[in-house]
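Q: Have a look at this fold, sequence not included:
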C-alpha cells in the first residue's frame, strides 16, 4: 500500500513540472521558515537552480495551512482539533485558546485542593510524555488549568470546599457560598456579574478578530457588521448602566452617540446588502445572548462549591471517623470528576459557539509535503 501511495504521489507531482529544451520549472508550497534551508540544498545540487518565492494570496483552497506556534502554546491546538483548519491568512485561534480557556476553567472549578490534584496529574502526564507526545501535550493543558484553578481557589478562599476555613484560609475577594450568610443573594449576583463580564470581554475580542479576518479577506460588509455589534454592545451597556444608576450622567450622552453610530452602520449595510442590514439588530440581540450564555460559568462553579460544602457537612455529621473519611473522600472524588468534565465541556462550548462564531474562517487545507512513506521503489 505504501509503495502504491508513493507512486501515485509521484505521478500527481508531474502536474507541478514544466520543461523546455534548456530549462525546467517546479511549482510547490513550502513554509516560509524553511526557504533558506531549501535554497541552500538546491545550491548544493546545482548552482544554476534558482528558487523564487511568490507570496500566497489566501485564496480559498489554494495555499495549504501549517500552524506555527511556540512550544508552550502548541498543545492548545488540540482543543480545536475537532474543527477544520482555519483558512490560509486568517487568524490562528491557538493563542486565544491558550489565553482564555485555562482561566475560564479555573473560574468554574476554583478550589486550591482540586487544583493541586490537577497539578499532580499534569506532572505524571509530563513524565509519561517523554515517550508519548499526546501525554506531554495534555500535561501542558492540564497544568495551565490547574494553575488557574489554584489562583481562583485563593480568590474564593476554597480548599476542598470549606475545609480551608479550619486552617485560617481567607478569600482574596469573597466566597462563592457562605453558610448562614444573610447576603447570599449578593454573593451569587457578584459571581454572576463577574462571569458575564468575562463573557463580554471574550465575545468582544472575538468580534475584533472578526474585523481583522474580514479586512484580510476584503469582506467590507463583514467588517462593518462586527463593528456595529461592538458599538451596539457598548450602547446597551451604557443604557443599562444609567438605568440602574451604576454610571454617571455623562454616559447618557455617550450612549446616545453610540446608538447613532450603530444605526448609521445599519443604514450603510442596508444600502449595500438590504437583507443583511435589516438583520443586524437581531444579530446584536444574538450577540447579547452569547454574552449572557457565560452565566453557565457561575452555574457550574456554584454546583461544584455546593457539592464540596455538602461533602464536608456530611462528614461532620457522622460520629465514626473512618466512615466520615470514606464519605467525604467519595463525595469529593465525585466532585473532582464532575469538576474536570463539566468545565472542560462548557469551556470548549463557549469557545466553539460563542467565541469562534465571531471570527473563525474554516476551510484550510492541511500542508502535506511531498515525501516517501517508507515503501521500496517499484
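A: Looks like it came in fine. Quantities reported herein were computed from a predicted structural model and do not represent experimental measurements.

Q: Could you use CA atoms for every contact and neighbour count after this?
A: OK.

Q: ok, and what's touching the strand or helix carrying residue 146?
A: Assigned by DSSP states H and E, residue 146 belongs to helix 133-156. For helix 133-156, the surrounding residues in contact (Cα atoms under 8 Å, 6 or more residues apart in numbering) are 72, 75-76, 101-103, 105-107, 109-116, 118-119, 121-130, 159, 170-176.

Q: Narrow those residues to those in helices?
A: Counted as lying in helices by DSSP state H, out of these, are 101-103, 105-107, 109, 112-116, 118-119, 121-128.

Q: Generate a ChimeraX selection restricted to the buried subset of those residues.
A: To isolate in ChimeraX the members of these that are buried, counting by 16 or more other Cα atoms under 10 Å, one can use:
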select :101,102,103,105,106,107,109,112,113,114,115,116,118,119,121,122,123,125,126
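
Q: need the helices for the stretch 151-300 of the chain, in chain order.
A: Remark: helices assigned in the stretch 151-300 of the chain by DSSP state H, counting those that start in this stretch are 184-216, 220-243, 250-272, 274-292, 295-317.

Q: What is the longest one packed up against?
A: What it means is helix 184-216. helix 220-243, helix 274-292, helix 295-317 (3 or more Cα pairs under 8 Å, 6 or more residues apart in numbering; DSSP states H and E).

Q: Now render those as a markdown table, adding mean pLDDT and distance to residue 11.
A: Listed next are the helices and strands packed on helix 184-216 as a markdown table, based on pLDDT from 0 to 100; distance: least, Cα to Cα, whole Å:
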| stretch | mean pLDDT | distance to residue 11 |
| --- | --- | --- |
| helix 220-243 | 94 | 42 |
| helix 274-292 | 94 | 47 |
| helix 295-317 | 93 | 54 |
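
Q: Would you convert those into a markdown table that also reports distance to residue 364 and mean neighbour count?
A: Below are these laid out as a markdown table (distance: least, Cα to Cα, whole Å; neighbours: other Cα atoms under 10 Å):
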| stretch | distance to residue 364 | mean neighbour count |
| --- | --- | --- |
| helix 220-243 | 20 | 20 |
| helix 274-292 | 26 | 17 |
| helix 295-317 | 32 | 19 |
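
Q: among those helices, which is nearest residue 49?
A: Residue 49 sits nearest to helix 220-243 of all these, at 42.1 Å, using Cα to Cα.

Q: Could you check the angle that closest one makes with helix 274-292?
A: With axes from the mean of the first three to the mean of the last three Cα atoms, to 10 degrees applied, the angle from helix 220-243 to helix 274-292 works out at 50 degrees.

Q: And the closest residue to residue 158 other than its chain neighbours, what's its pLDDT?
A: Nearest residue to residue 158 in three dimensions, chain neighbours excluded: residue 111, at 5.1 Å (Cα to Cα, 6 or more residues apart in numbering). Residue 111 carries a pLDDT score of 96 in this model.

Q: Residue 173 too?
A: Reported pLDDT for residue 173: 89.

Q: which residues does it contact?
A: Contacts of residue 173 by Cα under 8 Å, 6+ apart are 155-156.

Q: now swap in residue 331 and tell me
A: Counting by Cα under 8 Å, 6+ apart, residue 331 has contacts 307-308, 311.

Q: Just the buried residues of stretch 168-186, please?
A: 171, 174-177.

Q: Nearest to residue 316 among those residues?
A: residue 177 (17.9 Å).
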